[in-house]
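Visitor: turn this into a model:
(one chain, ligands or ions: 2)
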Amino acid sequence: MDSVLIRYHEIALKKGNRAYFTELLKRNVISAVKDLGVKDIRSLPARLLLTLKSDIDQATATERIGAVFGVANFSLVERTPRDMDALRERILDSLDPSTRAPALAAGSCSGFRPTGVLEGATGLPVGLHGGRFESFRIDTQRGDKTFSLTSPEINRVLGAAVKERSHARVDLENPEFTVFVEILPHDAFFGFNKIPGPGGLPVGASGRVVSLISGGIDSPVASYRMMQRGCRLIFVHFHSAPYQDKTSQEKVRELLKRLTRHQFNSRLFLIPFGEIQRQIVAAVSRPLRVVLYRRMMLRIAEAIARREKAKALVTGESLGQVASQTLENMAVIQQATTLPMLRPLVGMDKQEIIDQARRIGTFDISSIPDQDCCQLFVPKHPATKAELADVEQAEAHYDVKEMVRLGVENAAEEEFSFP
Ligand code: ATP
Ligand code: MG
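Guide: Ligands and ions are numbered 1, 2, ... in the order given. Reported below is the predicted structural model:
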């Protein structure tokens, strides 16, 4: 088996943008599997058909395609001649592990068990003779309308053959498994079951944004959610070395290795923030410090965003979670930038955020203890209702422009790529 049938939701597509959207999706799918040897990728109505140069390692293909945003679901499929006899024989063979070597199960298939029909070391639908499934249906799409049979006719012919061999019944509404058949101009494909994709929009469809990533639990989840909405992220991390150790930087690198699986290339700007914090601390009294730090972070992130042609800033803020995230403080912090601020977690509960962090594989990395730069020189009881006038008065005591320049100039850049 060397092909994958990839489905996306038409709903997400405005008519005029469809070609652009599918081009991006195609490009991203190719990026996700480029080291596996791409032979061909074709656009079919609401679907893409990806063919690799050699047999698919199912676990790897499932993991890779399952991380591409814009993919609603997909099926691993096998190519056959465009001929009803050949199609029928190949389908019956594949369903019956007693009659053939498990070509459908090349390699290990842990993780490739979409509905429970695929089981055991082979990953094959457990044999028709084993009687382990009761119902099925055939779902045919004809990409080539000149084929001698219509889709319902193909469904009937193949359905009758599977039924005869298995004694399972046809259930169009709620089958235990589905055999997908695609008839194309030069060949045909079949496969079993749909593996869910991550949905969303292809990365790049919504443009570039700068994500402020801290090494905590929230900002990686916020980043993931914006990638899922089609944003390509550029990452900015502020650290307080040499006043604090480098664990937060190490964590951010590990987080980026995970997140980059979804956008294939990431750029990280590491900004030394300790000296800026020291200057702020020297100039103003305690309660406002966290708000002042945040406003400096936004200004520096904005300067980077403008240089990188990014259109918005992303943070992991969640309303009321900590003192800096009251509505009053968020409002004052936000006024340091004129770029739109995207806060995908603003209405989420901490437990919901943690659950998602676990699902996307960032939680364990985020949970490693570190020294966050916002903890440096801050009071036990920070202001929860900062006033813009007070904040601006405080900022008059130091050279904001010069600090932004320093931050941008001293930024270290790192690149990440996947695979
Ligand atoms: P997180 O879990 O993302 O650190 P948090 O609950 O700790 O969030 P805060 O520390 O108030 O919340 O940070 C709010 C947001 O500000 C973060 O989600 C992140 O987007 C940004 N931020 C905070 N610290 C940093 C940092 N050191 N570098 C980059 N961005 C940061
Ligand atoms: Mg934090």
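
Visitor: gap between the residue lying closest to P287 once chain neighbours are set aside and F74?
Guide: Distances taken as C-beta to C-beta, 6 or more residues apart in numbering place A383 nearest to P287, at 4.2 Å, with adjacent residues excluded. All C-beta atoms are positioned from the backbone trio N, CA, C, and that covers glycine. In this structure, A383 and F74 are separated by 50 Å, where distance is defined by C-beta to C-beta, to the nearest Å.

Visitor: count the neighbours of the residue of the stretch 1-150 of the chain found nearest ligand 1 for me.
Guide: Distances from the stretch 1-150 of the chain to ligand 1, computed as C-beta to the nearest ligand atom, single out F69 as the nearest residue at 20.2 Å. As a burial measure, the neighbour count of F69 was computed by other C-beta atoms under 10 Å and equals 24.

Visitor: OK, contacts around it?
Guide: Remark: with contacts taken as C-beta atoms under 8 Å, 6 or more residues apart in numbering, F69 is in contact with N28, P198, G199, G200, L201, P202, V203, M227, Q228, G230, H262.

Visitor: who wins for most neighbours among these?
Guide: Each of the contacts of F69 was scored by neighbours using other C-beta under 10 Å; the highest score is M227's, at 28 neighbours.

Visitor: could you find the closest non-adjacent residue to that one?
Guide: Leaving out its chain neighbours, the residue that sits closest to M227 by C-beta to C-beta, 6+ apart is H262, at 5.0 Å.

Visitor: average pLDDT across the host helix or strand of the one you found?
Guide: Following DSSP states H and E, one finds H262 within helix 247-263. The average pLDDT within helix 247-263 is 97.

Visitor: can you give me how far that helix is from the chain middle?
Guide: How far helix 247-263 lies from its chain's middle: 14 Å, per C-alpha atoms, centre = their mean, to the nearest Å.

Visitor: equivalent analysis for stretch 233-253, please.
Guide: Averaged over its C-alpha atoms, stretch 233-253 has a centre that lies 23 Å from its chain's centre (C-alpha atoms, centre = their mean).

Visitor: what about it, start to end distance?
Guide: 14 Å (C-alpha to C-alpha, to the nearest Å).

Visitor: is ligand 1 within reach of stretch 234-254?
Guide: Yes - between stretch 234-254 and ligand 1, judged by C-beta under 6 Å from any ligand atom, the touching residues are V236, H237, F238.

Visitor: can you list contacts of that stretch?
Guide: With contact meaning C-beta under 8 Å, 6+ apart, stretch 234-254 is reached by 208-215, 223, 256, 266-274, 277-278, 297, 300-301, 304-305, 308, 310, 365-366, 368-373, 376, 414, 416.

Visitor: quick one: which of the residues you listed sit in strands?
Guide: Among the contacts of stretch 234-254, the ones falling in strands (DSSP state E) are 208-212, 266-272, 414, 416.

Visitor: are any of those residues buried, and which?
Guide: The neighbour count (16 or more other C-beta atoms under 10 Å) marks V209, V210, S211, L212, S266, R267, L268, F269, L270, I271, P272, F416 as buried among the ones in strands among the contacts of stretch 234-254.

Visitor: show me the contacts for the residue of the stretch 151-300 of the chain found nearest ligand 2.
Guide: The stretch 151-300 of the chain approaches ligand 2 most closely through G216 (3.4 Å), counting by C-beta to the ion. Applying C-beta under 8 Å, 6+ apart to G216 gives the contacts G316, S366, D372.

Visitor: please consider this matter closed, and thank you.
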